[in-house]
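[1] this one's sequence-less:
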């Protein structure tokens, strides 16, 4: 459309996704089970929230911005390597 090369191919995106997801999955496979997990009472959904405002602010406000900036930086570095330098 704009004659700009793709910085990441489909294969490379899949390789990054699978590479970053496999290590945590393997570590969870070797995690020891909790012996009393079925003896514990269920959580109180009115008091024990799974998603809190602190977690939302941390995940979207801090980590999301860091990941977005890292993605834009990487995109610009790859485009610069292809000869599409940012104009001032």
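    Arrived safely, thanks for sending. Predicted model, so just to flag it, every value in this text is computed and none were measured.
[2] tell me which element the spatially most central residue of the chain falls in.
    With distances taken as Cα atoms, centre = their mean, residue 67 lies nearest the centre of the chain, 7.6 Å away. For residue 67, the host element (DSSP states H and E) is helix 64-81.
[3] For that helix, could you pull out the residues that count as buried?
    residue 79 (16 or more other Cβ atoms under 10 Å). Every residue, glycine included, has its C-beta placed from N, CA and C.
[4] just stretch 5-15 next, same as before
    Buried residues in stretch 5-15, counted by 16+ other Cβ under 10 Å: residue 7.
[5] Give me the mean pLDDT for it.
    The pLDDT scores in stretch 5-15 average 79.
[6] Do you have the helices of this protein handy? List them.
    Secondary structure of the chain (DSSP state H): helices located at 10-29, 53-56, 64-81.
[7] can you list contacts of the first one?
    The contact list for helix 10-29, computed with Cβ atoms under 8 Å, 6 or more residues apart in numbering, reads residue 8.
[8] How far off centre is it?
    11 Å (Cα atoms, centre = their mean, to the nearest Å).
[9] quick one on the thing from earlier: between the helices of the chain, which one is nearest to residue 44?
    When the helices of the chain are compared by Cβ to Cβ, helix 53-56 sits nearest residue 44, at 17.8 Å.
[10] average pLDDT for the closest one?
    89.
[11] Does anything pack onto that helix? Which helices or strands?
    For helix 53-56, there is no helix or strand it packs on, judged by 3 or more Cβ pairs under 8 Å, 6 or more residues apart in numbering; DSSP states H and E.
[12] Spit out the contact partners of residue 69.
    Applying Cβ under 8 Å, 6+ apart, no residues contact residue 69.
[13] measure it to residue 13 for me?
    Using Cβ to Cβ, to the nearest Å, residue 69 is found at 19 Å from residue 13.
[14] which residues does residue 31 contact?
    No contacts exist for residue 31 under Cβ under 8 Å, 6+ apart.
[15] picking up where we left off before, separation between the residue nearest to the centre of the chain and residue 74?
    Going from residue 67 to residue 74 by Cβ to Cβ gives 11 Å.
[16] Residue 3 now?
    Residue 3 sits 20 Å away from residue 74, going by Cβ to Cβ.
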